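Novice: Fold the following for me, if possible:
(chains A and B)
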Amino acid sequence: MSVSVLRELTLRVRPPRAVFVRWPFGHALGEPFNRTQQRTIIHAALTALYRAAPGALIELPYRWRRERYTEPASWDLGPATT
Amino acid sequence: MPGAGAGARVAASLTRRRAAALLVVAGVVTALAVATPVRGVVTLLAAGDVGAIRAWILEFGIWAPIASVVLMLLQTVVAPLPSSPVTFANGLVFGVWWGALLSWASALAAAAVAFGLSRAFGRPVAERFATSAALASADTFFARWGVWAVLVGRLLPVVSFDVVSYAAGLTPMRFGAFLLATAIGMMPGTLLYAWLGHVGGTSAAALLWTVAAMTALGLLVVASTPAVRRWLATPPRRLVNRLIARRLNALPVLGRLWARWARTAARPDVPWTELRRPLRRCRAAIVTTGGVHRTDDRPFDMTNPDGDPSFRVIPAAAGIGDLTITHDYYDHRDAGRDLNLVFPLERFRELAQEGALGGVVGSHFSFMGHIDGPLVGRLETETIPELLVQLRVDPPDFVFLVPA
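Specialist: The predicted model follows:
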């Protein structure tokens, strides 16, 4: 599972699953101390961990600072267990 | 609680004593300010007329040195009056050496008074003598440079002498250190100003040379401070790399161009394992290329232009304060403030605590993402196999890769 800030490079390396953000280098998870923003990206990546097709690069829609980040609704990811 | 009561009484009596002292100082200053002769002197100082100051000092005959000291003290308490006219006048009246010595000693006493006033009565009183805006900018300066700020402030002719003294009194700086830095920092300026006064104080060229010499001296001291020395000791190539890294952040298109040229391992297929466990039962390992490492670990090699293909192990229990970044090839000023941007260990530990994630494994791994030339081969044949061996020791359910 990889977060990517360089689309072209990630498409060449082909990690099993990747989420892409068009954000500056050194900011793969967002801005300093913006916990909700960082958790949003981690949540999107972990969702892709279960749902993405092999080699998929999922482009996330977040527009850096022009976004209102909210705490992800549920972290109950993956197959249901009894 | 008798102890607490006694403490409160001591504090109250201290406050009362301070208030009383404050009243006395305020009274003396007000009395001085309304007394007609002093008002005349203040006007004299404010006008900065060296000739008039000289005449005023000479009126006192053998008491002239005392008059000069009084002037110097007055210009400190009645900020923002400048001290240089008094120094000029001293040069005129007493000659270069004696004038400089007198100015130096009296300015030192004035600095001590200003420091003492703001140390004893705190910011509200200091703001009465120096403007709050000036003090606020001095605060930043002091937080960064400490006692060096005093030395530099004394050397640079553009920095207000009194603001430095009042601002220093508000910091935890020791009085002795403050006085020493002031005494040393004032020497060249006082001599130059006294000389300038002696030669007439009217020569534009002399004035220009004085200001230039003082600025050069100030810059010399700035250059010798530990932070700047470290910066100067950095090889130029590393500085260029950091500069390029910052430009890459400002112009993302450059980064994309770089990605086109960058060498990558060719992979025809996508390695794939389906993850069948729910997240709350999975354990994660984090791998970053952000150049993160323990502060007591070996930093990544920044001297080899091809980079460094090795990795560092970061224990899951590592505190954020135990980690640092060595990586000249991306702008990590933000990541340095919050490592989670490139190494989200804290976020993952939180998720584990909340029960969203099963946990994190014992060891996490960090690379320095700039690896080029022959080192790419070493990365593939030596480092990655070694990483896989280490990952197998405490195998995670998935690896979370974060780039720089």
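Novice: Contact partners for the residue lying closest to B:Asp338 once chain neighbours are set aside?
Specialist: Nearest non-adjacent residue to B:Asp338, counting by C-beta to C-beta, 6 or more residues apart in numbering or on different chains: A:Pro32, 3.6 Å away. C-beta: built from backbone N, CA, C; applies to glycine. Neighbouring residues of A:Pro32 by C-beta atoms under 8 Å, 6 or more residues apart in numbering or on different chains: B:Asp334, B:Ala335, B:Arg337, B:Asp338, B:Leu341.
Novice: Can you turn the buried part of those residues into a PyMOL selection?
Specialist: Buried residues among these (16 or more other C-beta atoms under 10 Å in any protein chain shown), as a PyMOL selection:
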select buried, chain B and resi 334+335+338+341
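Novice: Next, check the contacts of A:Pro32 against the helices and list the overlap.
Specialist: Per DSSP state H, helices hold the following members of those: B:Asp334, B:Ala335, B:Arg337.
Novice: From chain A, how far out is the first one?
Specialist: This points to B:Asp334. Going from B:Asp334 to chain A by C-beta to the nearest C-beta, to the nearest Å gives 5 Å.
Novice: could you point out where chain A is predicted with low confidence?
Specialist: Chain A contains residues with pLDDT under 70 at A:81-82.
Novice: rewinding a little: could you save the contacts of A:Pro32 as a markdown table and add columns showing pLDDT and distance to B:Leu254?
Specialist: Output for the contacts of A:Pro32, formatted as a markdown table (pLDDT from 0 to 100; distance: C-beta to C-beta, whole Å):
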| residue | pLDDT | distance to B:Leu254 |
| --- | --- | --- |
| B:Asp334 | 91 | 18 |
| B:Ala335 | 94 | 19 |
| B:Arg337 | 91 | 24 |
| B:Asp338 | 94 | 25 |
| B:Leu341 | 96 | 20 |
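Novice: Which pair in the contacts of A:Pro32 has the greatest spatial separation?
Specialist: By the measure C-beta to C-beta, B:Arg337 and B:Leu341 form the most distant pair in the contacts of A:Pro32, at 8.5 Å.
Novice: Skipping its backbone neighbours, what lies nearest B:Trp104 in space?
Specialist: Leaving aside its sequence neighbours, B:Trp104 sits nearest to B:Thr190 (C-beta to C-beta, 6+ apart; 4.5 Å).
Novice: give me the element the one you found is part of.
Specialist: Element membership for B:Thr190 (DSSP states H and E) is helix B:175-198.
Novice: what's that helix packed up against?
Specialist: Packed against helix B:175-198 by the contact rule (3 or more C-beta pairs under 8 Å, 6 or more residues apart in numbering or on different chains; DSSP states H and E) you find helix B:84-94, helix B:96-121, helix B:147-155, helix B:204-224.
Novice: Tabulate those (JSON lines), appending distance to B:Val292.
Specialist: Shown next, in JSON lines, are the helices and strands packed on helix B:175-198 (distance: least, C-beta to C-beta, whole Å):
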{"stretch": "helix B:84-94", "distance to B:Val292": "51"}
{"stretch": "helix B:96-121", "distance to B:Val292": "42"}
{"stretch": "helix B:147-155", "distance to B:Val292": "31"}
{"stretch": "helix B:204-224", "distance to B:Val292": "31"}
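Novice: Deepest-packed of these, please.
Specialist: helix B:84-94 (a mean of 27; mean count of other C-beta atoms under 10 Å in any protein chain shown).
Novice: what is the mean pLDDT for that helix?
Specialist: The average of the pLDDT scores along helix B:84-94 is 80.
Novice: Do the longest helix anywhere in chain A and chain B come into contact?
Specialist: Ranked by residue count under DSSP H, the longest helix found in chain A is helix A:35-51. Yes. Using C-beta under 8 Å from any C-beta of the partner chain, we find that helix A:35-51 touches chain B at A:Arg35, A:Gln38, A:Arg39, A:Ile42, A:Ala45, A:Leu46, A:Leu49, A:Tyr50.
Novice: I figured the first one hits B:Glu346, correct?
Specialist: So that's A:Arg35. No. In this structure A:Arg35 lies outside contact range of B:Glu346 using C-beta atoms under 8 Å: 9.0 Å.
Novice: Quick one: the strands in chain B, in order.
Specialist: Ranges of strands in chain B, per DSSP state E, are B:283-288, B:292-294, B:311-315, B:323-325, B:359-360, B:363-367, B:398-402.
Novice: Tell me the secondary structure of A:Val19, please.
Specialist: At A:Val19 the chain is in strand, as set by DSSP: H, G, I helix; E, B strand; the rest coil.
Novice: and what of the one 5 residues further on?
Specialist: Following three-state DSSP, we place A:Pro24 in the coil state.
Novice: ok, now the one 3 residues further on?
Specialist: State at A:His27, reduced to three classes by three-state DSSP: coil.
Novice: what's the answer for the one 3 residues further on, then?
Specialist: Under the three-state scheme (three-state DSSP), A:Gly30 adopts coil.
Novice: Hmm, A:Val13 is touching B:Thr264, no?
Specialist: Yes. A:Val13 is within contact range of B:Thr264, at 5.4 Å (criterion: C-beta under 8 Å).
Novice: Looking at those two, which is more packed in?
Specialist: Higher neighbour count among A:Val13 and B:Thr264: A:Val13, with 17 against 14, using other C-beta atoms under 10 Å in any protein chain shown.
Novice: State the distance from the more buried one to B:Leu44.
Specialist: Using C-beta to C-beta, to the nearest Å, A:Val13 is found at 77 Å from B:Leu44.
Novice: next one: B:Phe343
Specialist: Relative to B:Leu44, and taking C-beta to C-beta, B:Phe343 is found at 64 Å.
Novice: Neighbour count: those two, which is higher?
Specialist: Between B:Phe343 and B:Leu44, counted using other C-beta under 10 Å, B:Phe343 has the larger neighbour count: 31 against 20.
Novice: May I see the buried residues of stretch A:33-51?
Specialist: A:34-35, A:37-50.
Novice: swap in stretch B:172-181?
Specialist: Residues B:Met173, B:Phe178, B:Leu179, B:Ala181 are the ones in stretch B:172-181 that count as buried (16+ other C-beta under 10 Å).
Novice: and which of those residues is nearest to B:Asp162?
Specialist: Nearest to B:Asp162 among the buried residues of stretch B:172-181 is B:Phe178, at 13.5 Å by C-beta to C-beta.
Novice: wait, what's in contact with the closest residue to the closest one other than its chain neighbours?
Specialist: Excluding its sequence neighbours, the residue lying closest to B:Phe178 (C-beta to C-beta, 6+ apart) is B:Ala168, at 5.1 Å. Counting by C-beta under 8 Å, 6+ apart, B:Ala168 touches B:Phe115, B:Ser118, B:Phe142, B:Ala149, B:Val150, B:Phe178.
Novice: Many thanks, have a good one.
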